[in-house]
Structure formats: C-alpha cells, structure tokens
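Student: Based on what follows, work out the 3D shape:
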Amino acid sequence: MKLLKYCDIKGGNFGDDINLLLWNRLFPNLAELTEKVLIYGVGTLLDGRHNQSIRKVVLGSGIGEFNSALPDKNWDFRWVRGPMTAAEFRLPDESAIGDAAILWPELTPGHDCDGPVGLIPHYATCDAFDWNNVSANAGMTVVNPRQSPNEVIAQMRGCSRILAESLHGAIFADAMGIPWAACILTHRFNEFKWHDWLATINRPYLPMIADRPLVRYISPGKAFANRLAKVIRYKQGTRCPALRPIAASTPSDANAVSHLLRQYALSTSSFYCSDRKMIALQRQLMRQRCAEFANDYRLQFSAA
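Tutor: Got it, this is the predicted structure:
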C-alpha cells in the first residue's frame, strides 16, 4: 500500500508534486506509517474512489464535484481545503482551514515588484499550445507548471503579478504576497475547487475568461466529443463547456488571446492578495492539526 495519496501527473505538476517533499519534511519518520495508513495531502483527492477497508488521514485535501463525498468509518479528517468539501462530508466548519501547500517553508514573501506579469496555465493547457509565444505577445512571461515547486517559486519571485489558471499558482502567489488574479483559458478550470479554496481567504470568484481555447491539434474523435459536450453542457456546474476545442487554433486565435491577456493585465485593481494575517492564521491552525496528528500516530513533527 502506498503511504501518500496524490495525483501523480506524468511529466510533473508542481501543485501535486509538493506532496513528495512536504510531508516527509514535516514528519521525518512518516515512513513508519507505511502499510498502516494512507495520507491524503495536497490536491483534489476526495473523489469518491477509495478503499474503505484502510485508514485514511486527510491533511487538507479537497473534492472537485458536488455529491462526490463518500463517508466511511476509516476516514480521519484533520482538516480539508475548504467549506464546500467540509459540507459534502458533513464536517464541522472549523475543519475547513485551507490548502496545505502553504505549509511549504519556501513560500515566504518577496518578489520583483517591477517584473513582468507571470502567467501560470493548468499543466495540460500549457502542453496543448505555445503559451510562451502567446504570453510574450501579451507582454507577459509563462511560469511552467511542469517545474518543481521550488523552481516555480523562484520564477514567480521575478514577477510583479501572477495570472493563474493553475489553482496552486494562485495559492503560491497568495502565500508569497504576490498580487494575483485567476483566469480561465480552457474547460479544465474546475470552478468547484476554486470556490472551495477562495472561501477560506474571503475572496470573490471573478476570473478572467478567455473567449476561445488554444490547441495545436485535435483529433477528429475528440473534436466530435467536444462538440457534443458543448451541446449538452457537460459538467457545466464545475467546468466551462464553451471552451472545449473543436479545431486546431489559428494565428488569429492566438493573437486574440494575447490581446485579451494584455488588456486584462492593465487592470491592476484585479490583482491582489488576501490579508497576511489570514494566511498566518491558516498556517497556525494547520500546524496545530499536524502536531495533533503526529501525537496521535507517534510521529516526529517539525514545524519549520
């Protein structure tokens, strides 16, 4: 049995890969729990697909859809990502603390206030098109989500502001004090998990929405499936069916998205962070829950 439950994305994705670094750093002897429990850490992991016969400890995970919570006697919830996840599992309000990624010690304040605006697409969005060219034409720079967490952090520090389609791009920026805004570039943007997390920092859901998706290529079968998904508005409660691509993008499409990004970046009032005191309180509460978990499972805990 694996010790950590997380999304293992082929090619890497910094928001998921932080699990491989964070938990062993916080709990140096965590490996002693191998074959005893399964740790649900950073990510949208509570999707109703789990083994009810094993003990599962939740340290900040969330769900991504309504009606996807599946309670069982072997859950051990220490905290969850947000109030929507808590409500789905019928957990008390105080269990909705926030995303555990902010416990990564390198997420400290400090960035180049005169640097370019950084664009952090969803990892699959980044793979689907030449976003380096699109962002350069918009006067922005791409932060590649395929990098390691520390490489992403280092690149973000060179940015004055962050425009994030990646949820953890926004979470990292908020923890680092870099003004940020959300954007929707494709149908992959999961509105549920954004609402869930945003509620913990008292921020409204006001993303910039692209008027067209950008892809280098799409197979005939996938194009047909996406046409159908648009007609039936598949997953309209949590996704954006209108942004499912049905044809390869043209240079005109890319230029249009670049223009939209450039114009949005001029609206500096759309970029801001949550209250620093709120982030400090979230970290404090998470560390308390981590200490309690360590005590209950006889682990060492390093809060640094």
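
Student: which helix is the longest one in this protein?
Tutor: helix 276-296 (DSSP state H).

Student: just how off-centre is it within its chain?
Tutor: 20 Å (C-alpha atoms, centre = their mean, to the nearest Å).

Student: in that helix, what counts as buried?
Tutor: For helix 276-296, a neighbour-count test (16 or more other C-beta atoms under 10 Å) marks Met278, Ile279, Gln282, Arg283, Met286, Arg289, Cys290, Phe293, Ala294 as buried. C-beta: built from backbone N, CA, C; applies to glycine.

Student: for it, packing partners?
Tutor: With contacts taken as 3 or more C-beta pairs under 8 Å, 6 or more residues apart in numbering; DSSP states H and E, helix 276-296 sits against strand 55-59, strand 75-79.

Student: Could you spell out the sheet neighbours of the last one, each with its direction?
Tutor: Right, the one you point to is strand 75-79. strand 55-59 (parallel) (DSSP bridges).

Student: So for the partner strand, mean pLDDT?
Tutor: In this model, strand 55-59 has an average pLDDT of 97.

Student: ok, residues contacting that strand?
Tutor: Contact with strand 55-59 is made by 5, 23, 36-41, 46, 50, 74-80, 100, 289-290, 293, 297, as judged by C-beta atoms under 8 Å, 6 or more residues apart in numbering.

Student: cool, stretch 20-33 as well?
Tutor: Contacts to stretch 20-33, defined as C-beta under 8 Å, 6+ apart, come from residues 3-4, 6, 39, 41-42, 59, 100-101, 103-105, 149, 290, 294, 297-303.

Student: Swap in 10 Å and give it another go.
Tutor: Applying C-beta atoms under 10 Å, 6 or more residues apart in numbering, the contact partners of stretch 20-33 are 3-4, 6, 8, 37, 39, 41-42, 55, 57, 59-60, 100-101, 103-106, 148-150, 286-287, 290-291, 293-294, 297-304.

Student: For the stretch 151-300 of the chain, which segments count as strands?
Tutor: Counting by DSSP state E, counting those that start in this stretch, the stretch 151-300 of the chain has strands at residues 161-164, 180-184, 208-209.

Student: Can you say which of the ones you listed is packed in most?
Tutor: Highest mean neighbour count of those: strand 161-164, a mean of 26 (counted as mean count of other C-beta atoms under 10 Å).

Student: got the CA coordinates for that strand in PDB?
Tutor: Extracted in PDB, the C-alpha atoms of strand 161-164 (Å, rounded to 0.1, in the frame of the first residue of the first chain):
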ATOM      1  CA  ARG A 161       1.900  40.000 -10.500                       C
ATOM      2  CA  ILE A 162       0.500  36.500 -11.300                       C
ATOM      3  CA  LEU A 163      -2.400  35.500 -13.600                       C
ATOM      4  CA  ALA A 164      -3.200  31.900 -12.700                       C
END
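
Student: strand partners of that strand, parallel vs antiparallel please.
Tutor: The strands beside strand 161-164 in its sheet (DSSP bridges) come out as strand 117-120 (parallel), strand 180-184 (parallel).

Student: count of residues packed around the residue lying closest to Leu3 once chain neighbours are set aside?
Tutor: Excluding its sequence neighbours, the residue lying closest to Leu3 (C-beta to C-beta, 6 or more residues apart in numbering) is Thr34, at 4.7 Å. Other residues near Thr34 come to 12 when the count uses other C-beta atoms under 10 Å.

Student: Next, find the distance separating Thr34 from Arg161.
Tutor: Going from Thr34 to Arg161 by C-beta to C-beta, to the nearest Å gives 42 Å.

Student: Likewise for Ala291?
Tutor: On the measure of C-beta to C-beta, Ala291 and Arg161 end up 35 Å apart.

Student: ok, now Leu38?
Tutor: In this view, Leu38 and Arg161 are 38 Å apart by C-beta to C-beta.

Student: do Met208 as well
Tutor: To Arg161, Met208 is 12 Å away according to C-beta to C-beta.

Student: got it, and Tyr297?
Tutor: Distance from Tyr297 to Arg161, by C-beta to C-beta: 41 Å.

Student: surely Gln263 meets Ala138?
Tutor: Yes. Applying C-beta atoms under 10 Å, one finds Gln263 in contact with Ala138, separated by 8.7 Å.

Student: neighbour count winner among the two?
Tutor: Using other C-beta under 10 Å as the criterion, Gln263 and Ala138 rank with Ala138 on top: 23 against 11.
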